[in-house]
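> Based on what follows, work out the 3D shape:
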Amino acid sequence: MKKSKMIGIAAVSLSAGLLLAACSSSNASGSSDSSGGVPSGVKLPAARVKATSSAPAWKQDTKKAKTLTWFVDQTWWNVNWGQDAVTKQIEKELNIKINFVVGDDTKLNTYFAGGNLPDIITNDSMTNQAAQTANKWALPLQTLASKYDPYFNTVASSQTLDWYKLSNGYSYGYPGFSNTSADYSSGNIKPEEGFVIQKSIYDALGQPKMDTPADFVKVEKEIKAKYPKDITMGFTDLATTVQDLAGVPYYKDGKYYDRNTDSGYLTWLDAIRQVHQAGGISDNDFSNNASTLFQQNLSSGKYATAIVGGAINQAASLQQWNSAHPADQYIVVNAITPLNGLKPDLSQAGISGWLGNYITKDCKDPEAAIELFTYLLSEEGQITTTYGVEGQTYTKDSSGQIKIMPAIKDLTTNNPTKAAQEYGMPDQFALFGHDKYKALDPTDSYSPALTTFFDWGKGLLTPEFPTENVAPKTGTIQATNYLAIQNNWTTENIALVRATSESQFNSIVSQYKSFQNSHGWSAIQSSLNSQVQANLKKLNMSSTASTPNK
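The predicted model follows:
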């Protein structure tokens, strides 16, 4: 399992929220109440443990054979509990068994319609209608922590909890891979974007400058001429990654910024167009299987250069080539750089995180459930889910630095299926995962092929929290038009790179802007700006803040 670092999560269907709403007449706005945010008619059982904030409750809870049913709204999720080292260790430490159930939106709808929910639900969105009405079907995490396990507040991020508070002041779900401001500042979150070139080619050309559009086109044409058997340039995408490298802001002066029409970005996109016009980009890379083809071409070294976003998801392909051809390994160099004196604003997973985990109102043992949440968020649980079991899959020295055992590292690299089945590694139990714990093993946690991205991108990650979850509300005309504009851009973005002349390029840009205007762009901007302002307030940021890439 590999999550997308850009967190491109599909929302749960609206029908789930509608079915849910039909099950309850409680006020969705969740005005202030005296119930602690607990849904009407639900009475929490008495606590077994007299817990404090100084120690996790699971270490004191002596109840044996606790069992919870956990539904994950992802059909690929591994349901085999207790068969690998990771889940065996969790079961041993918490005296708990998990019965995983997987499904899609239809299965989730069935649960809501039937009114008999599993103990825990992992929803594939925390912004859809089901998530926004969680006060009807889930238990508030703050209340559960107060009653059963105050230590939860020690390991859970207050910024993440605040980000997902409903209007009644309570948080009901907690995501995995939610990066906070402190995480970005720590340096433990790694950059994943860059322009790579094979080292042997770069050296043979005299390590040329590629940081202006003119030099970029010149060098790419030279590569095309001198290395005709290679594909001159590949790419993961020609929008977000190029915009990030070019330092295009996400928001400016407290307002949503239209990155697609930024002049600096379009200048670079025209440079890439010229590379394509000179035969440096394969038209196969625009096909429906472009993602698979990109990985194949990376692993076989067919690309002389490439624009790479989400490098962690490309690590296996990069490493396969680099290991076999160390002299030709891919390295990140300065190219597609800002034209306005700013610096690149590389993106990573934001505060919204990935998926959302909820303890439901029908949970048979909410005390065990919040203990499990606490464990999975704690360093102890994160080490288990990231590295496995000490002495079995990793060693730890006196300073606390972890090192995955060579045999396990070899297995996860060369036989990931067996590693997952026997050890639950790597990242097989990632519903509460967080990349910052990779720093405990700085040498073995990441593929060596990623080091070049980490070194080049150091200090260039910029949190863009104010622009998360800003899309117009589903069901509105603005939402419909916004989706149409996004779909149109997907087509036009490719058309721009494949344009045969600068005049055709400019004509396509004009067509896109006309399409925006004819689909109510001004009203959409107003909606986007309003949500950015709401997010800035939630984050205690200035109402005139801009992307921090100066």
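
> any idea how far the nearest residue to residue 187 once chain neighbours are set aside is from residue 344?
In space, not counting the residues next to it along the chain, residue 187 is nearest to residue 458; the distance is 7.7 Å by CB to CB, 6 or more residues apart in numbering. The way it works is simple: take the backbone N, C-alpha and C, and place the C-beta from them, glycine included. Distance of residue 458 to residue 344, given as CB to CB, to the nearest Å: 11 Å.

> Would you mind identifying the next helix or strand past the helix or strand harbouring residue 185?
Assigned by DSSP states H and E, residue 185 belongs to helix 181-186. Under the assignment DSSP H and E, the closest C-terminal helix or strand after helix 181-186 is strand 194-198.

> List the buried residues in whichever helix or strand comes after that next one.
Next helix or strand after strand 194-198 toward the C-terminus (DSSP H and E): helix 199-204. By neighbour count on 16 or more other CB atoms under 10 Å, the buried set for helix 199-204 is 199-202.

> With stretch 326-343 instead?
For stretch 326-343, a neighbour-count test (16+ other CB under 10 Å) marks 328-333, 335-339, 342 as buried.

> Considering those, which member attains the minimum pLDDT?
On pLDDT alone, residue 342 ranks lowest of those, at 90.

> Against residue 244, how distant is that residue?
Per CB to CB, residue 342 is found 12 Å from residue 244.

> With residue 314 instead?
Distance of residue 314 to residue 244, computed by CB to CB: 16 Å.

> Those two: which has the busier surroundings?
Shown here are residue 314 and residue 244; by other CB atoms under 10 Å, residue 244 has more neighbours (28 against 25).

> for that one, what are its contacts?
Listed by CB atoms under 8 Å, 6 or more residues apart in numbering, the contact set of residue 244 reads 193, 309, 344-347.

> what's the answer for residue 515, then?
Going by CB under 8 Å, 6+ apart, residue 515 touches 485, 488, 492.

> same check, this time on residue 365
Residues counted as contacts of residue 365 (CB under 8 Å, 6+ apart) are 45, 66-68, 119.

> follow-up on the earlier one: and the helix holding residue 185, how far out from the chain middle?
In terms of CA atoms, centre = their mean, to the nearest Å, the centre of helix 181-186 is found 16 Å from the chain centre.

> List the buried residues for that helix?
183-184.

> And for stretch 483-500?
Quick answer for stretch 483-500 (16+ other CB under 10 Å): 485, 489, 492-493, 495-499.

> Now do stretch 500-510: everything it contacts.
By CB under 8 Å, 6+ apart, the surrounding residues in contact with stretch 500-510 are 261, 266, 269-270, 273, 277, 492, 495-496, 499.

> Could you work out the most separated pair of those?
Distances among those were taken as CB to CB; the most separated pair is 261 and 277, at 21.9 Å.

> Of these two, which one has the most company?
Neighbours were counted for residue 261 and for residue 277 using other CB under 10 Å; residue 277 has more, 18 against 14.

> possible to save the contacts of stretch 500-510 as TSV with distance to residue 96, secondary structure and pLDDT?
Below are the contacts of stretch 500-510 laid out as TSV (distance: CB to CB, whole Å; DSSP: H, G, I helix; E, B strand; the rest coil; pLDDT from 0 to 100):
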residue	distance to residue 96	secondary structure	pLDDT
261	52	helix	98
266	55	helix	98
269	52	helix	98
270	57	helix	98
273	56	helix	98
277	60	helix	98
492	51	helix	97
495	54	helix	98
496	53	helix	98
499	58	coil	98
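
> from those, which single one is nearest residue 108?
Nearest to residue 108 out of the contacts of stretch 500-510 is residue 492 (CB to CB; 34.8 Å).

> so who does that closest one touch?
Taking CB under 8 Å, 6+ apart as the contact definition, residue 492 lies against 508, 511-512, 515.

> Just the buried residues of those residues.
508, 512, 515.

> following whatever helix or strand the first one lives in, which helix or strand comes up?
In this structure, residue 508 sits in helix 502-518 according to DSSP H and E. Under the assignment DSSP H and E, the closest C-terminal helix or strand after helix 502-518 is helix 521-538.

> Which residues does that following helix contact?
Outside helix 521-538, the residues touching it (CB under 8 Å, 6+ apart) are 162-163, 251, 254-256, 258, 465-473, 476-478, 481-482, 485, 542-543, 545.

> Kindly recompute the last result at 6 Å.
251, 255-256, 466, 470, 472, 478, 482, 543, 545 (CB atoms under 6 Å, 6 or more residues apart in numbering).

> Reformat those residues as TSV; add secondary structure.
Listed next are these as TSV, based on DSSP: H, G, I helix; E, B strand; the rest coil:
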residue	secondary structure
251	strand
255	strand
256	strand
466	helix
470	coil
472	coil
478	helix
482	helix
543	coil
545	coil
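
> now those residues in TSV, with pLDDT, neighbour count and distance to residue 52?
What follows is the contacts of helix 521-538, written out as TSV (pLDDT from 0 to 100; neighbours: other CB atoms under 10 Å; distance: CB to CB, whole Å):
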residue	pLDDT	neighbour count	distance to residue 52
251	97	23	42
255	98	19	46
256	98	22	44
466	97	26	36
470	96	19	40
472	95	21	45
478	97	20	48
482	98	22	48
543	97	11	40
545	97	16	39
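
> that older thread, hang on, the residue nearest to residue 187 in a helix?
No - Residue 458 sits outside any helix when classified using three-state DSSP, being coil.

> And the pLDDT at it?
Residue 458 carries a pLDDT value of 94.

> and the gap between it and residue 339?
Distance of residue 458 to residue 339, computed by CB to CB: 22 Å.

> So for residue 24, what's the pLDDT?
40.

> What ranges does the stretch 351-500 of the chain have for its helices?
366-377, 379-387, 406-414, 416-423, 451-456, 477-498 (DSSP state H, counting those that start in this stretch).

> Need the contact partners of the second one.
Outside of helix 379-387, the residues within contact range by CB under 6 Å, 6+ apart are 86, 89, 375, 394, 402, 429, 437.

> Just the CA coordinates for it, please, in PDB.
Extracted in PDB, the C-alpha atoms of helix 379-387 (Å, rounded to 0.1, in the frame of the first residue of the first chain):
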ATOM      1  CA  GLU A 379       5.600   7.100  19.500                       C
ATOM      2  CA  GLU A 380       5.400   3.500  20.800                       C
ATOM      3  CA  GLY A 381       2.500   2.700  18.300                       C
ATOM      4  CA  GLN A 382       4.100   4.600  15.500                       C
ATOM      5  CA  ILE A 383       7.400   2.700  15.900                       C
ATOM      6  CA  THR A 384       5.500  -0.600  15.800                       C
ATOM      7  CA  THR A 385       3.500   0.300  12.700                       C
ATOM      8  CA  THR A 386       6.500   1.800  11.000                       C
ATOM      9  CA  TYR A 387       9.300  -0.500  12.000                       C
END
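
> starting at the chain centroid, how far to it?
19 Å.

> ok and it relative to helix 366-377, angle-wise?
On the basis of axes from the mean of the first three to the mean of the last three CA atoms, to 10 degrees, helix 379-387 is oriented at 60 degrees to helix 366-377.

> Taking helix 416-423 as reference, get the angle to helix 379-387.
When the same axes, to 10 degrees is applied, the directions of helix 379-387 and helix 416-423 differ by 140 degrees.

> Next, give me the two most distant ones among the buried residues of stretch 326-343.
Comparing all pairs in those by CB to CB, the longest separation belongs to 328 and 342, at 32.6 Å.

> so residue 265 is in which element?
Secondary structure from DSSP H and E places residue 265 in helix 263-277.

> returning to that earlier point: mean confidence (pLDDT) on the helix holding residue 508, please.
Mean pLDDT, computed over helix 502-518, is 98.

> Skipping adjacent residues, who's closest to residue 116 in space?
Using CB to CB, 6+ apart, the nearest residue to residue 116 is residue 362, at 6.4 Å.

> mind checking pLDDT for the one you found?
Listed pLDDT for residue 362 reads 97.

> same question, the one 10 residues further on
The predicted structure scores residue 372 at 98 on the pLDDT scale.

> Any idea how many residues pack against it?
The local packing of residue 372 (other CB under 10 Å) involves 26 other residues.
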